[in-house]
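S.K.: 3D model of this:
(chains A, B, C and D)
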There are 2 protein chains.
Amino acid sequence: MSKKRPTIDDVAAHSGVARTTVSRVINNGPNVRSEVRERVMASVAALDYRVNAQARMLAGGSTGLIALVHAFELDAEPNSYYHSGLELGAMRACADLGYGLHTSTISPADPERYSKIHDLFSRLRCIGIILSPPFSDDVTMVQQVLAAGCPLVCISAGEAVYAKTASVGMDDDLAGYALAQHILTEGHRNIAYIDGPQGHISAGQRLVGFRRCLAEADLPQTTLRVAIGNFTFRSGITIAHDFLSGAKRPSALVCANDDMAAGALLSAHRLGLNIPDDIAVAGFDDTPVSEIVWPPLTTVHQPIRRMGARAIERIVDAANRGQRTLAPGFEAIAFKLVQRASTASNTNAPTRMV
Amino acid sequence: MSKKRPTIDDVAAHSGVARTTVSRVINNGPNVRSEVRERVMASVAALDYRVNAQARMLAGGSTGLIALVHAFELDAEPNSYYHSGLELGAMRACADLGYGLHTSTISPADPERYSKIHDLFSRLRCIGIILSPPFSDDVTMVQQVLAAGCPLVCISAGEAVYAKTASVGMDDDLAGYALAQHILTEGHRNIAYIDGPQGHISAGQRLVGFRRCLAEADLPQTTLRVAIGNFTFRSGITIAHDFLSGAKRPSALVCANDDMAAGALLSAHRLGLNIPDDIAVAGFDDTPVSEIVWPPLTTVHQPIRRMGARAIERIVDAANRGQRTLAPGFEAIAFKLVQRASTASNTNAPTRMV
DNA sequence: AACAAAGGTGGAAGCGCTTCCAATGGGCCA
DNA sequence: TGGCCCATTGGAAGCGCTTCCACCTTTGTT
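M.R.: Numbers count the residues shown, from 1 in each chain, chains lettered A, B, ... in the order given. Modelled structure (predicted):
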């Protein structure tokens, strides 16, 4: 049953060539007569031989492994849609390029977090690390990785980080601008905005872009009222309630992510408001909730998978050139404004839930 | 900058002992004077030495890696909540037990899927594999893995599989029973049920348990009307619409997962029905949507993380005993019925959206 | 006090693979 | 025909680590 696995020497013996030649064949090396090549391949098949990845690495020097690191708080639900999307994009790219992906999850509160990250490089010997938010904006962590000489790509990092290493993400500022443009086009002039938690870089950029658009349209800054949420459904409910039940109800409510927008939708429903006629609502990210709520949510599609894939490509690219450091800077991945019924008054879909 | 990494020999030289001794120290082996141990540790720290995982494996024989395999269809969204939960539970358990987790995603349509799975064992040399649905019910795949002599745990597998190897999951039959009991307790006697796709084992079990409860309550089989959905939000909408707008409207509608239940909620709202007074709705899984919809959904909490953790524990356990095969059988992880406003008429929360 | 049984330490042999380098044999040029 | 270049192939040296064994100290035992 579990007789020892065949090694490269077994294959060599079986096909009557030297180990070196077998190695050439399985690595598609040059200088092997096709007759010999076929003979070796036959032996490989006959013996059901598979290379030992560890041995190959030890001898060859590279693991061909890229590490993707997620943050995860014990008490909070992970943002699974975001993480999965990133992972999926990265995994596909790895498969295409012949690399392996190593995913790990580290708690931002873990006192050993820096050491764990470092181990990815020093023990696992991955050829590069990808940090997702919020680690991607943890300057200390970034510096640790960089100091170790490990190629690093940070997802959606802010300037402090992308000044040091490569970052890929969507252009949040532009996304905010695009959404504002849409809102303005729909005729809204009394707008409320639920921002993300203070210090959240992407959220900040979205609002900056949003404001810029308003400014360019010569609208007084007072047109926009801003409150601070924490990205949760629940915070969307309460903050939206305040906006919608207060004086001077806005005609449009924009939220820094879809979950809060879903909460806003709920508050609007509770108050008996028509969406989007009484109040238009929009979010960011295009997560699955945006299609599950009623009415479906206008939002900005964040190209998560593409971001994961690009991160891998950047690392592989650097590896191929033998670079140990990636060119600093932010690489923007194209986003897309997704117009749905929550803002589009001309949609023929039902606009009110009851 | 990138001077070569220190090896065990460097540490040995630095602390003036033999390589063997250093190995003993870093592996917490016996037979080292504490004075020497400390000296070596100091060298390790001074040189910032880290073991090379690959080399250790090559020499030592075990990678300490466990592979978790997800299925993923290109066109469909991954069920990210499920996968992340599993992964998280598994990762935590791995961290606790000192093992590494290797996640990979394979398309069920990939012609090389069997070979890719096999590679996890034969090339990567993982010490065990965890298969998540739907792979966990793919008998061919299971047999492949088993034939290779690789310890295997299947998540929520059906009998055909758990007769061959270990499976962990929640007891879907019992979960269905529990939910039926709740529905009955709430006084419903005219019940509709949206089942999962035909052949889906968990869904099938849920319905079996549900029916059993009804039978034990001496309710005629005609009490329950069943339709077949495909687990999507959209299928929930359409099927629920048929039930709710047809003759003899049921007073309770149970769906085989939360997404369909969310769709059902939507249909009910569109028809102007009160929830739960006109129609009670319940789902399965306790995914995030169940809290985001209105009213919040009564559902059965599936202990996904625990399942992932148990799967790891089983494999590690087997590894420790030197077993290459896990005891076949289904290990049930405790679930929990979560009562929310979508069925509980006595809840004081608002029960209608407008 | 003499001897055995631990306790501590170093030497050396691989684990399975890649890769540098030397060796072989033809084909080609002048 | 002699010399040279190149396509093929094999030999051998490690990659960094664990581990079996042999060797030398210490202890503990009658």
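
S.K.: what's the neighbour count on A:P30?
M.R.: 5 (other Cβ atoms under 10 Å in any protein chain shown). Yep, even glycine has a C-beta here, placed from its N, CA and C like the rest.

S.K.: secondary structure element for the residue of the stretch 201-350 of chain A found nearest chain B?
M.R.: Residue nearest to chain B within the stretch 201-350 of chain A: A:H269 (4.7 Å; Cβ to the nearest Cβ). Per DSSP states H and E: A:H269 is located in helix A:258-270.

S.K.: just A:H83 next, same as before
M.R.: Per DSSP H and E: A:H83 is located in helix A:80-97.

S.K.: residues contacting that helix, please?
M.R.: A:66, A:68, A:70, A:100-101, A:103, A:130, A:132, A:155, A:287-288, A:304-313, A:316, B:72, B:78, B:80-81, B:83-85, B:103-105 (Cβ atoms under 8 Å, 6 or more residues apart in numbering or on different chains).

S.K.: quick one, strands of the stretch 151-300 of chain A?
M.R.: A:152-155, A:166-170, A:191-195, A:224-228, A:252-255, A:280-282, A:299-301 (DSSP state E, counting those that start in this stretch).

S.K.: of these, which stretch is the most buried?
M.R.: The highest average neighbour count among the strands of the stretch 151-300 of chain A, using mean count of other Cβ atoms under 10 Å in any protein chain shown, belongs to strand A:252-255 at a mean of 31.

S.K.: off-centre distance for that strand?
M.R.: Taking Cα atoms, centre = their mean, to the nearest Å, the mean C-alpha location of strand A:252-255 is offset from the chain mean by 24 Å.

S.K.: and it, what does it pack onto?
M.R.: On a contact count with 3 or more Cβ pairs under 8 Å, 6 or more residues apart in numbering or on different chains; DSSP states H and E, strand A:252-255 meets helix A:172-185, strand A:191-195, helix A:233-245, helix A:258-270, strand A:280-282.

S.K.: redo the ones you listed as CSV? Include mean pLDDT and distance to B:A240.
M.R.: Putting the helices and strands packed on strand A:252-255 into CSV (pLDDT from 0 to 100; distance: least, Cβ to Cβ, whole Å) gives the following:
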stretch, mean pLDDT, distance to B:A240
helix A:172-185, 97, 32
strand A:191-195, 97, 31
helix A:233-245, 95, 23
helix A:258-270, 93, 19
strand A:280-282, 98, 24
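
S.K.: show me how far the helix holding A:H83 is from its chain's centre.
M.R.: 8 Å.

S.K.: equivalent analysis for stretch A:15-33, please.
M.R.: So, by Cα atoms, centre = their mean, the centroid of stretch A:15-33 is 41 Å from its chain's centroid.

S.K.: ditto for stretch A:254-264
M.R.: Distance, stretch centre to chain centre, for stretch A:254-264: 19 Å (Cα atoms, centre = their mean).

S.K.: thought A:V254 was touching A:I279, still the case?
M.R.: No - here A:I279 lies out of contact with A:V254, judged by Cβ atoms under 8 Å, at a distance of 11.0 Å.

S.K.: quick one: A:T232 and A:G263, what's the gap?
M.R.: If you measure A:T232 against A:G263 using Cβ to Cβ, to the nearest Å, the figure is 8 Å.

S.K.: what sits up against stretch A:98-116?
M.R.: A:53, A:63-74, A:78, A:87, A:90-91, A:94, A:117, A:120, A:124, A:126-127, A:134-135, A:138, A:140-141, A:144, A:312, A:316, B:87-88, B:91, B:101-104.

S.K.: can you rerun that using 6 Å?
M.R.: A:64-72, A:87, A:90-91, A:94, A:144, B:91, B:103 (Cβ atoms under 6 Å, 6 or more residues apart in numbering or on different chains).

S.K.: gap between the residue of the stretch 201-350 of chain A closest to chain B and A:P276?
M.R.: Following Cβ to Cβ, the distance that separates A:H269 from A:P276 is 13 Å.

S.K.: what do you get for A:D317?
M.R.: In terms of Cβ to Cβ, A:D317 sits 44 Å off from A:P276.

S.K.: more neighbours, these two?
M.R.: Neighbours were counted for A:D317 and for A:P276 using other Cβ under 10 Å; A:P276 has more, 27 against 15.

S.K.: per-residue pLDDT of that one, please?
M.R.: Here, the pLDDT recorded for A:P276 equals 92.

S.K.: wait, doesn't it sit right on A:T343?
M.R.: Yes - between A:P276 and A:T343 a contact is recorded at 5.1 Å, counting by Cβ atoms under 6 Å.
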